[in-house]
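# Build me a model:
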Amino acid sequence: MMKSILIITCLLLSVMATAQTKYEQGMRKAFELWEAGKPNEAANIFERIAQAEPDNWLPPYYVSQIHVFQSFSEKDKEKLVPQLKTAQDFLNDAKAISKNNPEIMVLEAQMLTAWIVFDGQKYGMTYSGKISELYNKAAQIAPENPRVVLGKAEWDIGAAKWFGKSTEAYCEDLKRAETLFATFTPEGEFYPQGGGSRVVQVMAENNCND
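Modelled structure (predicted):
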């Protein structure tokens, strides 16, 4: 009897290890493709992993993030609308799995910003308040998260420029984000950790290094 239990236990552990290995291999492959300039192929892998890992918020988060990032440079509304619809669908999946997650809040704010970038006259008034609300809530939950600090600073800078105001006051926020990126440790291998190069770019664009 004891021998049978040990065999079953070993088999279960073996299956769990194999499943974990497949998940890790899939995630690493998706990131490699993304870094190699193949975001659509990466999104397809993240999507398949999301189907296999229904309780894991990271795969749908990355599917959404890829589509959001691509939307910022998309000028064709016929392509933009389905792209952001897909981003919204997977964002909803991630939110359902992980509630009050500041990383997801930042991504949702970025998604709404993509609409404003596409057509500020049409979507500016509709989404501006929601975006500010998302960044403020994320900042309350995770004030030391560098992506939260950077995202909020970028949004504030964009709003200041829209109204013809100086952005100098937000340089301190960007410098703080830069410092946080230098010391930030993600919760796991596949948790969000990007943004360090972006903060350097935004600081240069706004003369924060002078």
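
# pLDDT of stretch 62-77, averaged?
Mean pLDDT, stretch 62-77: 94.

# residues touching N145, list them.
By C-beta atoms under 8 Å, 6 or more residues apart in numbering, the contact list for N145 reads 102-103, 138, 180, 184. Bear in mind the C-beta positions are built from the backbone N, C-alpha and C, glycine included.

# Pick the one among those residues closest to D55.
E103 (16.7 Å; C-beta to C-beta).

# Got the phi and psi for the nearest residue to the closest one once chain neighbours are set aside?
The spatial neighbour of E103 that comes closest, neighbours along the chain excluded (C-beta to C-beta, 6 or more residues apart in numbering), is P192 at 4.9 Å. Dihedral pair for P192: phi -50, psi 130, per degrees, to the nearest 10.

# P192: neighbouring residues, count only.
Using other C-beta atoms under 10 Å, P192 has 21 other residues around it.

# from what I can see it touches T185, true?
No: judged on C-beta atoms under 8 Å, P192 makes no contact with T185 at a distance of 12.0 Å.

# quick one: the residue nearest to E103 from G37, how far?
Distance from P192 to G37, counting by C-beta to C-beta, to the nearest Å: 20 Å.

# returning to what we had before: select only the buried ones of the contacts of N145 in ChimeraX?
This is how ChimeraX selects the buried members of these, with burial counted by 16 or more other C-beta atoms under 10 Å:
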select :102,103,138,180,184
